[in-house]
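Participant: The following block contains a protein sequence and its predicted model.
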Amino acid sequence: DVKVTQSSRYLVKRTGEKVFLECVQDMDHENMFWYRQDPGLGLRLIYFSYDVKMKEKGDIPEGYSVSREKKERFSLILESASTNQTSMYLCASSWAGGMAQHFGDGTRLSIL
Amino acid sequence: GQQLNQSPQSMFIQEGEDVSMNCTSSSIFNTWLWYKQDPGEGPVLLIALYKAGELTSNGRLTAQFGITRKDSFLNISASIPSDVGIYFCAGRLTGNQFYFGTGTSLTVIP
């Protein structure tokens, strides 16, 4: 079975802090993704990566950056956290070529 | 980004009833996925569809890739209490990006 592990289930940070969310997958998948999930809005893509050191913007990249130094690890960075970034963050991975994505359990992030 | 219209938004059904939900798009998609999400958890993949007209089952779940490639359907037969959750569709145009529907919340009344 595919295992996508997100480092924290719950996280509380303060406005202006730099926040790191980590994700690790164990299936040697080429693609990794970061989404945020908000009530009534479904899942929205923030960034994705199709290879080490490669990244592409999704639909809502503003206020975020990402890092992929190793194939199995994809980090989401909130450069200066703001209250409107309070949300559920989901990481996913997949094989190349548009194959089905597998999700981690999510990190519920609160910015105070 | 692309808009996927998923309906209904919520359903309240009696245990044992069948369930139908669907997802439509204004664009032609090449892949459709269906996920279920339990409270506080990440979405779990139920069914993946890669060809127009494809009909795929996973236990009591059956999903179809619409022949127009602009829609997909998910049916659950003989619902049970553990079917409770939010069901999401996701579609892919080209490349690696999927677009997600806003979800159908299913409540099963014992």
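Facilitator: Ah, there it is.
Participant: Look at B:Val84 and say how many residues are nearby.
Facilitator: For B:Val84, the count of nearby residues is 15 (other CB atoms under 10 Å in any protein chain shown). For the C-beta atoms, the positions are set from N, CA and C on the backbone; glycine is no exception.
Participant: Ignoring the adjacent residues along the chain, who's closest to it?
Facilitator: Using CB to CB, 6 or more residues apart in numbering or on different chains and skipping the chain neighbours, the partner closest in space to B:Val84 is B:Val108 (5.3 Å).
Participant: do you know how far the one you found is from B:Asp18?
Facilitator: Applying CB to CB, to the nearest Å, the value for B:Val108 to B:Asp18 is 12 Å.
Participant: Then B:Ile86?
Facilitator: When distances are taken as CB to CB, B:Ile86 and B:Asp18 turn out to be 19 Å apart.
Participant: about what we covered before: who's more crowded, B:Val108 and B:Asp18?
Facilitator: Comparing B:Val108 with B:Asp18 by other CB under 10 Å, the one with more neighbours is B:Val108, at 20 against 11.
Participant: any idea how far that one lies from chain A?
Facilitator: The span separating B:Val108 from chain A equals 21 Å under the rule CB to the nearest CB, to the nearest Å.
Participant: Relative to the strand or helix carrying that residue, what are the paired strands and their orientations?
Facilitator: Counting by DSSP states H and E, the element that carries B:Val108 is strand B:104-109. As defined by DSSP bridges, the strand partners of strand B:104-109 come to strand B:10-14 (parallel), strand B:85-92 (antiparallel).
Participant: Give me the residues contacting it.
Facilitator: Applying CB atoms under 8 Å, 6 or more residues apart in numbering or on different chains, the external contacts of strand B:104-109 come out as B:6-15, B:19, B:21, B:76, B:79-81, B:83-88.
Participant: Run through the strands of the chain in chain order.
Facilitator: Defaulting to chain A. Using DSSP state E, the strands assigned to chain A run over residues A:4-6, A:10-13, A:19-25, A:31-38, A:42-49, A:56-57, A:64-70, A:73-78, A:87-94, A:102-103, A:107-111.
Participant: To clarify, I was referring to chain B.
Facilitator: Using DSSP E, the strands of chain B run over residues B:4-7, B:10-14, B:19-25, B:31-37, B:44-49, B:55-58, B:61-65, B:71-76, B:85-92, B:98-100, B:104-109.
Participant: could I get those as JSON lines with distance to A:Tyr35 and mean pLDDT?
Facilitator: As requested, the strands of chain B are exported to JSON lines (distance: least, CB to CB, whole Å; pLDDT from 0 to 100):
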{"stretch": "strand B:4-7", "distance to A:Tyr35": "14", "mean pLDDT": "92"}
{"stretch": "strand B:10-14", "distance to A:Tyr35": "22", "mean pLDDT": "96"}
{"stretch": "strand B:19-25", "distance to A:Tyr35": "17", "mean pLDDT": "96"}
{"stretch": "strand B:31-37", "distance to A:Tyr35": "12", "mean pLDDT": "95"}
{"stretch": "strand B:44-49", "distance to A:Tyr35": "14", "mean pLDDT": "94"}
{"stretch": "strand B:55-58", "distance to A:Tyr35": "23", "mean pLDDT": "96"}
{"stretch": "strand B:61-65", "distance to A:Tyr35": "21", "mean pLDDT": "98"}
{"stretch": "strand B:71-76", "distance to A:Tyr35": "20", "mean pLDDT": "97"}
{"stretch": "strand B:85-92", "distance to A:Tyr35": "10", "mean pLDDT": "95"}
{"stretch": "strand B:98-100", "distance to A:Tyr35": "8", "mean pLDDT": "91"}
{"stretch": "strand B:104-109", "distance to A:Tyr35": "18", "mean pLDDT": "96"}
